[in-house]
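Asks: Provide a 3D model corresponding to the input given below.
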Amino acid sequence: MPVPKRRTGKTKRNMRRSHHALKPVGLTECQSCGERVMQHRVCPKCGYYANRTVVNTEDE
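Replies: Numbers count the residues shown, from 1 in each chain. From the prediction side, this is the model:
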């Protein structure tokens, strides 16, 4: 079984991990209520998606 001859340096390790960072979540405004919602999801506040009511939300 092959084994590395030398220890991987900090710079080389960090360059390899440069793509491991988390990306920011894509948020858009709901067109009916203005709430910030994740893209392609039903708005939890008003229940709208694609300019129509998909989920019936009762105001309590």
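
Asks: quick check: residue 35 touching residue 47?
Replies: No: using Cβ atoms under 8 Å, residue 35 is not in contact with residue 47; the gap is 10.9 Å. Heads up, the C-betas are built off the backbone N, CA and C, glycines and all.

Asks: just give the nearest non-adjacent residue to residue 45, would you?
Replies: In space, and not counting its chain neighbours, residue 45 is closest to residue 35: 4.6 Å by Cβ to Cβ, 6 or more residues apart in numbering.

Asks: again with residue 36
Replies: Nearest to residue 36 is residue 27, by Cβ to Cβ, 6+ apart, at 4.7 Å.

Asks: might one say that the one you found is in contact with residue 41?
Replies: No: look at residue 27 against residue 41 with Cβ under 8 Å: they stay out of range, at 10.0 Å.

Asks: so what's the residue nearest to residue 45 up against?
Replies: 29, 43, 44, 45, 46 (Cβ atoms under 8 Å, 6 or more residues apart in numbering).

Asks: could you check the pLDDT of it?
Replies: Looking at residue 35, its pLDDT is 92.

Asks: now do it against residue 14, distance only.
Replies: Per Cβ to Cβ, to the nearest Å, residue 35 is found 38 Å from residue 14.

Asks: try residue 24
Replies: On the measure of Cβ to Cβ, residue 24 and residue 14 end up 21 Å apart.

Asks: does residue 15 count as helix, strand or coil?
Replies: Classification of residue 15 by DSSP: H, G, I helix; E, B strand; the rest coil places it in helix.
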